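Asker: Sharing a sequence plus its predicted fold:
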Amino acid sequence: MSNIPADLKYTKSHEWVRTLADGGVEIGISDHAQHALGDLVFVEVPEVGRTLKAGEACAVVESVKAASDVYAPLAGEVSAANEALAAAPESVNKDPYGAGWLLRLKLAPGALAAAQLLSAAAYRELLEAEGG
Amino acid sequence: MAFIPHTESDVAAMLAAIGAQSIEDLFDEIPPQLRIKSLAGIPEALNEMAVGRLMSERAASDGTLLNFIGAGAYEHHIPAAVWAITTRGEFYSAYTPYQAEASQGTLQLIYEFQSMMTRLTGMQVANASMYDGASASAEAALMAVRANRRSRAARILVPSTLHPHYRRVATATTHNQGLAFEELPYCSAAGTILPDSLARFAGQDLTALIIQQPNFFGRLEEVDALTDWAHAQGALVIAVVNPTALALLKPPGEWGTRGADIAVGEGQPLGVPLSSGGPYFGFMTTRLEHVRQMPGRIVGRTLDVAGKSGFTLTLQAREQHIRRAKATSNICTNQGLLMTAATIYLSLMGPQGLTRTAAASHARTRELIAALTRVPGVRAAFTGAHFHEAVLSLDRPVAPLLRALAARGIAGGLDLAPYYPELGPALLVCATETKTAADIERYRATLAELMTAARAA
């Protein structure tokens, strides 16, 4: 069964969201997502300063068998991107909620209220419904 | 692959299995008014003997002109072994076979091709070929937009010294993808990019600069200065190069301080006959940092489970069958047969052979220019270094002269009037290693005679 930390929020497209002390958020892909993709060989993260709409494709995770887009769970401006993944994409497989983070956002006004995020429990139900 | 025909009894058995009376019944869902009974303009069928005779007659009517046209496609000697080997059954396919890894020989050949192209261009990685030089240039523009993440403008500087067909293909291919091409004028004395024309773009958001070397006029651009200028603006550099010329000229990977970012070109000069314009193939190489934005297929060398060396398709996750609409391109290995011929050509010629071919072509062109500019009314349009092509300015319209030359068995060059009307009557001529001193003298004498006769008349 996938690791689903209780303190994070999730999306139906398998991203996770962590609220940071400065009011921004950190974003990555879930343990379920990394497992489904298999060994990652390449991660493309967005440019710092790029403005994202909620639901916009903002990163690419590529494994030996597939390449998938990662969608911004919330609207905001990219404040940091995990450039270390260029040399170590396997971090996403080994530590999806830690060293495998993809990007940080400075949220747009009202972004949090507008976002449709799932609690850990709701995300677990989604995975169970999907047979995961 | 075996050819397995359907016999009449096979067809009858298949129809019986699905309950149809005839093959015609399979199409009965198409309303009769939508079906064409006969095709207008399609003549009656001919038998094989009659078709053979017709084609021989048509081929003969083309004649065998003494050719001095280059303009993107070049007549070079092709050793007989090239196509004898290329057309062997083991190689005779346009594509990478399905279940590619089962065809280790084909994959090894593609790997060798990629290695040769990276060596020629001085770049780090090559793909397994493109459609042709024009489409490779268009793909390079699209790739630059993906690869240059500092640029938002999708704005490409394109010199007017880039092959006019390449410019048209690039515009047509990228028309609906929001790319903006800005044309750079050329210097009317030198026939190269006008350096002053760059100044107005300084400090702007530029995605890439395309540089053709040698350019369409056969002239050599100031590639080092242009490359460094583009990089200083945050733009990538796309080199459009002639593979034969690379045996003599500085490879794109060494242009300026950092080298070009993408190199593309027409592969036809490497063992592919002119053949009335195609099929040809393109090539593309780049720096390792851009490899995931490069279109097309890449063959890699690896070890199998037993630790033995083998070849495999790599980076397939960028391709259309996996990444669907987000694929970098629809290019696979469609021109594989031509790429095969080029690999065999290069392996037979070797570095020395290619260098000699390039040097001989350059020398023949110098002789051609010297000879033709002795004819009154003919002068070189531009001063400065060139490879195996040059523009001549004439004192009268070019088209009637070319028709008269063709009537005497000489393809005298390309009339530039439709492409560069501002040049006045101008003729692009080319000579490769295939032209002898006698060929050049025949052209000179014929041209002199035609121009004198016209003046007297």
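Answerer: Sure, I can see it. Numbers count the residues shown, from 1 in each chain, chains lettered A, B, ... in the order given.
Asker: anything in the lowest-mean-pLDDT helix or strand in chain B near chain A?
Answerer: For chain B, using mean pLDDT, DSSP states H and E, the weakest element among its helices and strands is helix B:320-323, scoring a mean of 72. Yes: judged by CB under 8 Å from any CB of the partner chain, helix B:320-323 and chain A are in contact via B:I322, B:R323. Glycine gets a C-beta too; all of them are placed from N, C-alpha and C.
Asker: Outside of that helix itself, list whatever touches it.
Answerer: The contact list for helix B:320-323, computed with CB atoms under 8 Å, 6 or more residues apart in numbering or on different chains, reads A:K65, A:A66, A:A67, B:Q316, B:A317, B:A327, B:S329, B:N330.
Asker: Can you tell me which of those residues are buried?
Answerer: The neighbour-count criterion (16 or more other CB atoms under 10 Å in any protein chain shown) marks A:A67, B:Q316, B:A317, B:A327, B:S329 among these as buried.
Asker: Could you pull up the residues touching the closest residue to B:P214 other than its chain neighbours?
Answerer: Using CB to CB, 6 or more residues apart in numbering or on different chains and skipping residues adjacent in sequence, the residue nearest B:P214 is B:F387, 4.0 Å away. If you count contacts by CB under 8 Å, 6+ apart, B:F387 has them with B:P214, B:G218, B:L220, B:N242, B:A245, B:L248, B:L249, B:A358, B:S361, B:H362, B:T365.
Asker: Quick check on B:F387: phi, psi?
Answerer: As for B:F387, its main-chain torsions (degrees, to the nearest 10) stand at phi -100, psi -100.
Asker: one step back: which SSE is immediately downstream of the least confident helix or strand of chain B?
Answerer: Using DSSP states H and E, the next helix or strand after helix B:320-323 towards the C-terminus is helix B:336-372.
Asker: Quick check, B:L394 in contact with B:V378.
Answerer: Yes: taking contact to mean CB atoms under 8 Å, the distance of 5.8 Å between B:L394 and B:V378 places them in contact.
Asker: residue closest to the middle of chain A?
Answerer: The residue lying closest to the centre of chain A (CA atoms, centre = their mean) is A:G28, at 2.5 Å.
Asker: Spit out the contact partners of that one.
Answerer: A:G28 neighbours (CB under 8 Å, 6+ apart): A:E15, A:W16, A:V92, A:P96, A:Y97, A:G100, A:W101, A:L102.
Asker: Could you give the bridge partners of it?
Answerer: Going by DSSP bridges, A:G28 is paired in beta bridges with A:W16.
Asker: Report the separation between it and A:R124.
Answerer: Counting by CB to CB, to the nearest Å, the gap between A:G28 and A:R124 amounts to 17 Å.
Asker: Got the confidence number for the spatially closest residue to B:A128 that is not a sequence neighbour?
Answerer: Closest residue in space to B:A128, ignoring its immediate chain neighbours: B:R297 at 4.3 Å, by CB to CB, 6+ apart. Reading off the per-residue confidence, B:R297 sits at a pLDDT of 88.
Asker: Would you check that B:R297 makes contact with B:T312?
Answerer: No: in this structure B:R297 lies outside contact range of B:T312 using CB under 8 Å: 11.1 Å.
Asker: Of the two, which one has the most company?
Answerer: A side-by-side neighbour count of B:R297 and B:T312, using other CB atoms under 10 Å in any protein chain shown, places B:R297 first with 23 against 17.
Asker: For the more buried one, list the residues it contacts.
Answerer: Taking CB under 8 Å, 6+ apart, one finds B:T96, B:I110, B:N127, B:A128, B:L313, B:Q316, B:E319, B:I331, B:C332, B:T333 in contact with B:R297.
Asker: burial count for the residue in the stretch 1-150 of chain B that chain A sits nearest to?
Answerer: Scanning the stretch 1-150 of chain B for the residue nearest chain A gives B:R149, at 5.4 Å (criterion: CB to the nearest CB). Other residues within reach of B:R149, judged by other CB under 10 Å, total 12.
Asker: Over to A:S91?
Answerer: Around A:S91 there are 20 residues (other CB under 10 Å).
Asker: Read off the pLDDT value for it.
Answerer: Residue-level confidence at A:S91 comes out at 97, pLDDT.
Asker: Any figure for the gap between the nearest residue to A:A120 once chain neighbours are set aside and A:Y123?
Answerer: Residue nearest to A:A120 in three dimensions, not counting chain neighbours: A:A6, with 4.5 Å by CB to CB, 6+ apart. As judged by CB to CB, A:A6 and A:Y123 stand 10 Å apart.
Asker: show me what contacts the residue of chain A at minimum distance from chain B?
Answerer: Closest residue of chain A to chain B, CB to the nearest CB: A:A67 (4.2 Å). A:A67 is in contact with A:F42, A:V60, A:V61, B:A317, B:R318, B:I322, B:R323, B:K326, counting by CB under 8 Å, 6+ apart.
Asker: Let's see if you can find the most crowded of those residues.
Answerer: A:V61 (27 neighbours).
Asker: And the contacts of the host helix or strand of that one?
Answerer: Here A:V61 is covered by strand A:57-63, with elements defined by DSSP H and E. For strand A:57-63, the surrounding residues in contact (CB under 8 Å, 6+ apart) are A:29, A:33-34, A:37-46, A:50, A:52, A:67-72, A:78, A:89, A:92, A:102-103, B:292, B:317-318.
Asker: quick one: strands adjacent to the helix or strand that comes right after that strand?
Answerer: Next along the chain after strand A:57-63, taking DSSP H and E as the criterion, comes strand A:67-71. Applying DSSP bridges, strand A:67-71 is found paired with strand A:57-63 (antiparallel).
Asker: what about the partner strand, average pLDDT?
Answerer: On average, the pLDDT along strand A:57-63 is 91.
Asker: Run through the helices of chain A in chain order.
Answerer: In order along the chain, chain A carries the following helices (DSSP state H): A:31-37, A:91-94, A:111-114, A:120-129.
Asker: May I see the ones you listed arranged in TSV, with distance to B:Q204 as well?
Answerer: As requested, these are arranged in TSV below (distance: least, CB to CB, whole Å):
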stretch	distance to B:Q204
helix A:31-37	39
helix A:91-94	37
helix A:111-114	32
helix A:120-129	46
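Asker: If you count neighbours, what's buried in the lowest-mean-pLDDT helix or strand in chain A?
Answerer: Using mean pLDDT, DSSP H and E, helix A:111-114 stands out as the lowest-scoring helix or strand of chain A, at a mean of 85. Taking 16+ other CB under 10 Å as the neighbour-count basis, helix A:111-114 is seen to contain the buried residues A:A111, A:L112.
Asker: what helices or strands is the helix or strand B:D439 falls within leaning on?
Answerer: If you go by DSSP H and E, B:D439 is part of helix B:437-456. If contacts are counted by 3 or more CB pairs under 8 Å, 6 or more residues apart in numbering or on different chains; DSSP states H and E, helix B:437-456 sits against strand B:66-67, helix B:336-372, helix B:398-407, strand B:410-411.
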